[in-house]
Structures are given as structure tokens and as C-alpha cells.
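Enquirer: sequence and computational prediction follow.
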Amino acid sequence: AQSVAQPEDQVNVAEGNPLTVKCTYSVSGNPYLFWYVQYPNRGLQFLLKYITGDNLVKGSYGFEAEFNKSQTSFHLKKPSALVSDSALYFCAVRDMGNTPLVFGKGTRLSVIA
Amino acid sequence: GAVVSQHPSWVICKSGTSVKIECRSLDFQATTMFWYRQFPKQSLMLMATSNEGSKATYEQGVEKDKFLINHASLTLSTLTVTSAHPEDSSFYICSARHTGGGNQPQHFGDGTRLSIL
């Protein structure tokens, strides 16, 4: 069965500093990995995905994520954080079949001006 | 980009009422849609997978007679919470995946906040 771990409930970072939100996964076979962001009382917005190819994936709003197979990780990064990046971030995984996404518990990112 | 519309956004109703939530994929066809439930400060819990033209697949512990799912077309799935009670109060989110499947991401509606008095 697939699973996702987001070890940090909360990440605080100063505006302009780089940010990292951590994610590790477990799946049989090759993983399909995703990051989503959720703002208060809203659904989830897709940020980026890794399916195959380059380990560094670039997505929306300047976010990127690096797939590391040996460490089974897919950490979300951004070189320079904005206050508007403050939100709840979810990492998700599924296998190659037509299966639903399995989500991590989420990490709340606070960017402080 | 792919848009999923979920309606209504907020529902407040009395205990015993049945509530229907609609989920529409506006600019793509979705053979498969998913219904999630989210408790405050928690992750999304998958309730069921809805396949167009067939019965939904419910996750363990989800009452199928309580949460009725209908996926009558490639762009519409509905979730009906029957005889709702206060413990059914939650944030319900639908998600749709393009019919092409494969490596397509799931796109999410903006959610429905259900409050049962």
C-alpha cells in the first residue's frame, strides 16, 4: 500500500529566504508524486508532479521539487519565499494504476515578513 | 487549466436533512472522480472512488447507504449525505482526473463546508 510522510507539522521561514517542505513516500513500483497547496476554506491546487524524467521538477509559483529514489523523498523547495506562500502543503503519491492519490498529513508553511 | 466546480460552497441545515453536493469537471471529461472528507487541521481522507456509469467504490468504514454517490456523466458526480447528523459536519472535497488517466494529476473542487445543527 502507498503511504506518504510529511515529518513537519509546521515550517516557519523569513520572507526572501529559501524554503523546504519535506516529504517521503512508500509505494510498490514506480511512484507518481504530487504536491498540492491549500488555502483556508478552499480545495487543493496542483503545484507540480513527478512521473518520470529529470529528478528536478519545476512547478507553479516558482516552486520546485527534487525526486530522490534512493532516499524515497520528494521535497518541495523554493529559492525565495513570499508571505503569500503561507498555506497548507500536501504531498501525495499513487502507483501507476488508476488509483486515487494518498496524501500526507500536510505541512503548514508560515512565511514571516 | 483544468477546472473542477463544486457546489454548494457552504451548507447549514437541520439534523435529519439530506444534502446533495455536486462536482463538475468544466473543461475536461473525467471517467473517475474521488470524494474526500477533511477534518480541521487534518489531511484528506478518501471516502469513495466514483466511476462513470458504474457503482462507486467505498473505502473501509464509509457507509455507502449514508453517503450516496452518483456519477451519471463524464462531467458530473454527486454526493448525497442522507439523514445528516452533527457528526457528519465536515469539509467535503471532490476531485476529478482526466479520462486519459495515466499520469494526469487530480484536480480539486473548492470544497463544501457542511454544518449540521
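Expert: Cool, the structure landed. Please read these numbers as outputs of a predicted model, since none were measured by experiment.
Enquirer: what residues does stretch B:83-92 touch?
Expert: Residues outside stretch B:83-92 that contact it (CB atoms under 8 Å, 6 or more residues apart in numbering or on different chains): A:41, B:13, B:15-19, B:21, B:35-39, B:66, B:79, B:81, B:111-117. The way it works is simple: take the backbone N, C-alpha and C, and place the C-beta from them, glycine included.
Enquirer: how far away from the center of its chain is that stretch?
Expert: Distance of stretch B:83-92 from the chain centroid (CA atoms, centre = their mean, to the nearest Å) equals 13 Å.
Enquirer: got it, and stretch B:95-105?
Expert: On CA atoms, centre = their mean, the centre of stretch B:95-105 falls 16 Å from the chain's centre.
Enquirer: what of stretch B:106-117?
Expert: Relative to the centre of its chain, stretch B:106-117 is centred 8 Å away, using CA atoms, centre = their mean.
Enquirer: what of stretch B:15-22?
Expert: 12 Å.
Enquirer: what's the first-to-last distance across that stretch?
Expert: By CA to CA, to the nearest Å, the extent of stretch B:15-22 from end to end equals 20 Å.
Enquirer: do stretch A:20-27 as well
Expert: Length of stretch A:20-27, first residue to last, CA to CA: 22 Å.
Enquirer: quick check: bridge partners of the residue nearest to A:G43 when sequence neighbours are not counted?
Expert: Counting by CB to CB, 6 or more residues apart in numbering or on different chains, A:G43 lies nearest to B:F108, which is 3.8 Å off, once chain neighbours are set aside. Note on B:F108: beta-bridge partners by DSSP bridges are B:S95.
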